[in-house]
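Undergrad: Return a 3D structure for these sequence lines:
(one chain, ligands or ions: 1)
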Amino acid sequence: MAASKDRNSSPTVAIIGAGLTGLLAAQALKNVSIPINASFSPNMFFPLFQLLTIVKNGFQVLIYDSEVHLNSRLRDWTILLHWALPIFSSLLPPSIFANFDSAISNPHLEFDDWAETLPMYNGETGDLIFKSAVPGSRRITRRGLREVLSEGLDIQWGRKVTSLDTESDSEKVKVTLEQEDGVEEEVWADYVLGTDGAGSKVREILFSNQENGEEKAKVKRSGFMIGTCIVDYQDDGEMVQKVLKKHPVTSLVMSRGAVGGFGVQYTTSSPSYPSSDLKHTIFWTKIWKGSLSSTPNLPRKGPAAVRYLKQSWQGLSPDFQVLLDSTPEDETHTKAFIDEMGTWIAQPFDNRNGRVTLAGDAGHPMLILRGQGFQHAVTDVHNYVQALLAIRDSGADRKEVFENYDRDMIERGSKAALQALEEAELAMDATSVEKMLMVRKGHGRSV
Ligand SMILES: Cc1cc2nc3c(=O)[nH]c(=O)nc-3n(C[C@H](O)[C@H](O)[C@H](O)COP(=O)(O)OP(=O)(O)OC[C@H]3O[C@@H](n4cnc5c(N)ncnc54)[C@H](O)[C@@H]3O)c2cc1C
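TA: A predicted model of the protein is given here:
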């Protein structure tokens, strides 16, 4: 599917990147929900929809991703969707949101106040340090939510954006995409939304006309490492019970020089299972101070990564330590990944007269502390849709509208990214725990 250069066609938006942000934007632009005096309660998703008018096929959407199919990336993770969940649900047509439960790590859980709380334990004593209320929150898997959000979209896989031409035409943008075999393809769009993640090529292009632009646009290594194991414990459910006993969704754990989490990644059921026989796959994550440049030989995945993570996180209380020590080291039962987290402090760029901008991790990659990244991505998508509606339906000035969109995204993104860095520093030392935003302000909206 390629947009023509025809000026009479309705606005076409080329979305670069089919991660959660790009997929949500595509769904929202195709089907715009207009709230009518609706006040949201997290436990009232469907009643809310009765108050919405769904405008179908609002915009023409083209969506491209450099990966070859939806699940080609092996690494998966869970995301706590909390303050942005009402905004998220308002962006989707009911037929898509109806499948949201299938993305929840444990959709069979009866959510109550405790399940909607995030506890932080002292990893060495096993005692609760503090707990943060996250009412209405749901922990989803990235993979599961991508599956839900991709329904009905014609995603063009294996297309990597390489350049944007905003000079040849004052109104439209020519997008050049490259396929794996090197074949190039050109499409025209009225707008381009860069949702191509932390290492965004669109961001690099937007900065290319600034002095030292390439360097400015680059995501920076944060000095914080993350290791994750997704584990199918080969036992009779004993380890799963230990995880659930601490918390049915996720427990955070602070120990000397590291912070982490233990929780449910996936839940498998079958119509013939009673709910007590649900099978849970567990994840555990460790974050510590370090860098790939000072430890270039660190194993990044596979059994060696599992061994490294197990050996390097010792001295925990028995109820947590046993979860590490019992982690199988073979790739069939444990998927392990180690990486240095990236961050970038959002700053102004030339949006080519309001035709090209960014959303999600492309606009504000940040550390995962306090779970704000996707919440801000959802906010970006909401604002982006409102911006395009204001231009199309109310005749608002494109340049002005996108100056406002960018200003807000940069302000929210840079503040949240700085807060997440500070939060990571504080989390490394039990004596500074009371200074953490998680303790003082919980998991509420960062900005
Ligand atoms: C372990 C972990 C836990 C997290 N927990 C939370 C949490 O609890 N709460 C929260 O709010 N956030 C959390 N986050 C952050 C959240 O996951 C991200 O903010 C969100 O997934 C970003 O999605 P995205 O679509 O913007 O980027 P991505 O998921 O990176 O998607 C970008 C897409 O663009 C494609 N792409 C890249 N380059 C190109 C190109 N040149 N051309 C075409 N396509 C391209 C990629 O293939 C990819 O599919 C967490 C992140 C991690 C890693």
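Undergrad: so Thr125, which of the three states?
TA: When classified by DSSP: H, G, I helix; E, B strand; the rest coil, Thr125 comes out as coil.
Undergrad: Just list the residues touching the spatially closest residue to it that is not a sequence neighbour, thanks.
TA: Residue nearest to Thr125 in three dimensions, not counting chain neighbours: Ser317, with 5.8 Å by C-beta to C-beta, 6 or more residues apart in numbering. (C-beta placed from N, C-alpha, C; glycine too.) By C-beta atoms under 8 Å, 6 or more residues apart in numbering, Ser317 lies in contact with 122-126.
Undergrad: and if we set it to 10 Å?
TA: 121-127, 253, 255 (C-beta atoms under 10 Å, 6 or more residues apart in numbering).
Undergrad: and those residues, which two are the farthest apart?
TA: Asp127 and Ser255 (12.1 Å; C-beta to C-beta).
Undergrad: Between the two, which has more neighbouring residues?
TA: More neighbours surround Ser255 than the other of Asp127 and Ser255, with 22 against 9 (other C-beta atoms under 10 Å).
Undergrad: Now that one: phi and psi?
TA: Backbone torsions of Ser255, given as degrees, to the nearest 10, read phi -140, psi 180.
Undergrad: about what we covered before: dihedrals phi and psi, the residue nearest to Thr125?
TA: The phi/psi pair for Ser317 (degrees, to the nearest 10) reads phi -60, psi 150.
Undergrad: Per-residue pLDDT of it, please?
TA: On pLDDT, Ser317 comes in at 97.
Undergrad: measure it to Phe224 for me?
TA: 24 Å (C-beta to C-beta, to the nearest Å).
Undergrad: just to revisit the earlier point, dump the contacts of Ser317 into TSV; add pLDDT as well.
TA: TSV is the format used below for these (pLDDT from 0 to 100):
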residue	pLDDT
Tyr121	96
Asn122	94
Gly123	95
Glu124	94
Thr125	96
Gly126	96
Asp127	96
Val253	96
Ser255	93
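Undergrad: Only whichever of the residues you listed are buried, select them in ChimeraX.
TA: To isolate the buried members of the contacts of Ser317 in ChimeraX, using 16 or more other C-beta atoms under 10 Å:
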select :121,122,123,124,253,255
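Undergrad: what's the overlap in contacts for Asp127 and Ser255?
TA: Here Asp127 and Ser255 have 121, 317 as joint contacts, going by C-beta under 10 Å, 6+ apart.
Undergrad: Show me which residues of the stretch 301-447 of the chain sit near the ligand.
TA: Contact residues (C-beta under 6 Å from any ligand atom) of the stretch 301-447 of the chain with the ligand: 360-362, 368, 371-375, 377.
Undergrad: okay, those in TSV with distance to Thr195 next?
TA: Formatted as TSV, those follow (distance: C-beta to C-beta, whole Å):
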residue	distance to Thr195
Gly360	5
Asp361	8
Ala362	6
Ile368	18
Gly371	19
Gln372	17
Gly373	13
Phe374	12
Gln375	15
Ala377	8
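Undergrad: which ones are touching the residue of the stretch 151-300 of the chain found nearest the ligand?
TA: Closest residue of the stretch 151-300 of the chain to the ligand, C-beta to the nearest ligand atom: Gly197 (2.6 Å). Applying C-beta under 10 Å, 6+ apart, we find Gly197 in contact with 16-17, 19-22, 65-66, 203, 219, 342, 360-362, 365.
Undergrad: so what's it scoring on pLDDT?
TA: 98.
Undergrad: Skipping its backbone neighbours, what lies nearest it in space?
TA: Asp361 is the one closest to Gly197 (C-beta to C-beta, 6+ apart), at 4.7 Å.
Undergrad: Surely Asn31 touches Glu151?
TA: No. Here Asn31 lies out of contact with Glu151, judged by C-beta atoms under 10 Å, at a distance of 11.6 Å.
Undergrad: Among the two, which residue is more densely surrounded?
TA: More neighbours surround Asn31 than the other of Asn31 and Glu151, with 20 against 12 (other C-beta under 10 Å).
Undergrad: Show me what the more buried one bridges to in the sheet.
TA: Lys56 (DSSP bridges).
Undergrad: one step back: looking at the contacts of Ser317, which is nearest the ligand?
TA: Val253 (14.8 Å).
Undergrad: correct me, but that closest one touches Asp127?
TA: No. With contact defined as C-beta under 10 Å, Val253 and Asp127 do not form a contacting pair (11.0 Å).
Undergrad: who touches both of these two?
TA: 121, 317.
Undergrad: tell me the domain boundaries of the chain?
TA: Following automatic domain parsing, the chain resolves into domains at 12-99+151-219+344-429, 221-342.
Undergrad: ranking those by burial, who's on top?
TA: A comparison of the domains of the chain by mean neighbour count, using mean count of other C-beta atoms under 10 Å, puts domain 12-99+151-219+344-429 on top with a mean of 19.
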